[in-house]
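K.L.:
Model the structure of this input:
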Amino acid sequence: MRQSIHHTIETGILLLVACMTWGQTFKASHLQRAYEKLHLATNTQLRNHLSIRTDDRGIIEHIGIPMFSTEMRTLLPSPVYDYLEYALLDHKYHINENALQQLKLRFQNGDWSDLEQVRPSNKCTINNVDDKWYVVTWSRSGKSNISVAIPIDYELLANSSRKEMEQIFISNLQKHHPATISGNIPLMPELSDINTTLSLEFQLYGHHKKTIDVSLAQWLSYGLSTGSTPLYIYEGRNQNTDKAVLLMENRQEGYAHMISVNIPINNNNNGKATCNGKAYLYIPISNITRLYEKAPHHQSTPKKYEN
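P.N.:
You can find the predicted model right below:
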């Protein structure tokens, strides 16, 4: 048992990072590092000056220095908020020894010391530049005071590694109940039953693979719950199989999930259809675009699933 636990920690396959102090749990490992290094379980003075958000299960999903108002977060959802608030916390308190992630930020006006003066009440704008950069600007008297450009890169914005994100995604997908999907959803004609089972072989970081079974409804519903847009591309027919690609596109965070699926024609497994496919997670949006510019069935434009 002890060897199994140590092996899990050593290989980094952590679905929820469990902190032994006070029994607190975290959405990702960088949050645990901040919580422990800053002694937030007992340092109430510092804790009261930070933004700490938990989900409905009490799991901490964000720690940072407050920079954005609740109203702005609600009206204009963006991955920039959590990222910058944690990045400023990291820079100020040196939580991570490796600060390479911070070097990816480009200050167009001002510097880190200026960011430390930002308050949630300050006027702020966020612009998306060609799905490649977020430019965040704070202004006073109509003039730009601080401006920082952030690459639209999923690992950077999540303050996490691809390996950890993949494990969390698969775990959450398996546990997800597709309550948000009700009634019939217009799907591609070749895959019109949302109860279809998808037997997916995930191609993971480090050449690892993991196979799970989920329903099409699960895939669609979970993707929608993360702010992604479901798309599909029909690639054609090969003997008794239709081939298609199912995408979950999240342009805000700069990634897409992709399933290359084989759909048996007129195949029924005890009344329950099953399709096999390979799944790829957190593909940069630019790679998806290039892939289908070169694909032989590029004339089949990605289409949206619609509620």
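K.L.:
Going by C-alpha atoms from here, please, whenever you check contacts or count neighbours.
P.N.:
Noted.
K.L.:
Please enumerate the helices of this structure.
P.N.:
For the chain, helices defined by DSSP state H occupy the ranges 2-11, 29-37, 44-47, 70-75, 80-93, 112-115, 154-158, 162-175, 216-225, 285-294.
K.L.:
got a list of what Arg53 touches?
P.N.:
Neighbouring residues of Arg53 by C-alpha atoms under 8 Å, 6 or more residues apart in numbering: 60-63.
K.L.:
how about a cut-off of 6 Å?
P.N.:
60-62 (C-alpha atoms under 6 Å, 6 or more residues apart in numbering).
K.L.:
and it, what are its bridge partners?
P.N.:
Assessed by DSSP bridges, Arg53 has beta-bridge partners His62.
K.L.:
tally of neighbours for Ile168?
P.N.:
17 (other C-alpha atoms under 10 Å).
K.L.:
brain fart, Thr42
P.N.:
Neighbour number of Thr42 under other C-alpha under 10 Å is 11.
K.L.:
Of the helices of the chain, give the one that comes closest to Ser147.
P.N.:
Closest of the helices of the chain to Ser147 is helix 112-115, at 9.3 Å (criterion: C-alpha to C-alpha).
K.L.:
pull the CA atoms of the closest one into PDB?
P.N.:
Extracted in PDB, the C-alpha atoms of helix 112-115 (Å, rounded to 0.1, in the frame of the first residue of the first chain):
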ATOM      1  CA  TRP A 112       5.800  43.900 -11.800                       C
ATOM      2  CA  SER A 113       6.000  46.700  -9.100                       C
ATOM      3  CA  ASP A 114       3.300  48.500 -11.000                       C
ATOM      4  CA  LEU A 115       1.100  45.400 -11.000                       C
END
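K.L.:
got the buried residues for that helix?
P.N.:
When neighbours are counted by 16 or more other C-alpha atoms under 10 Å, the buried residues of helix 112-115 are found to be Leu115.
K.L.:
can you tell me the average pLDDT over that helix?
P.N.:
Averaging pLDDT along helix 112-115 gives 93.
K.L.:
likewise stretch 140-156?
P.N.:
In this model, stretch 140-156 has a mean pLDDT of 85.
K.L.:
Reformat the helices of the chain as JSON lines; add distance to Leu246.
P.N.:
What follows is those, written out as JSON lines (distance: least, C-alpha to C-alpha, whole Å):
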{"stretch": "helix 2-11", "distance to Leu246": "30"}
{"stretch": "helix 29-37", "distance to Leu246": "30"}
{"stretch": "helix 44-47", "distance to Leu246": "43"}
{"stretch": "helix 70-75", "distance to Leu246": "30"}
{"stretch": "helix 80-93", "distance to Leu246": "27"}
{"stretch": "helix 112-115", "distance to Leu246": "41"}
{"stretch": "helix 154-158", "distance to Leu246": "20"}
{"stretch": "helix 162-175", "distance to Leu246": "15"}
{"stretch": "helix 216-225", "distance to Leu246": "10"}
{"stretch": "helix 285-294", "distance to Leu246": "12"}
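K.L.:
So which of those is nearest Asn240?
P.N.:
The closest of the helices of the chain to Asn240 is helix 216-225. By C-alpha to C-alpha, the value is 20.6 Å.
K.L.:
How about that closest one, which residues are buried there?
P.N.:
Residues of helix 216-225 classed as buried by neighbour count (16+ other C-alpha under 10 Å): 216-224.
K.L.:
Now list the buried members of the contacts of Arg53.
P.N.:
Buried among the contacts of Arg53 by 16+ other C-alpha under 10 Å: 60-62.
K.L.:
Quick check: phi and psi on Glu253?
P.N.:
Main-chain torsions, Glu253, degrees, to the nearest 10: phi -100, psi 0.
K.L.:
All set, thanks.
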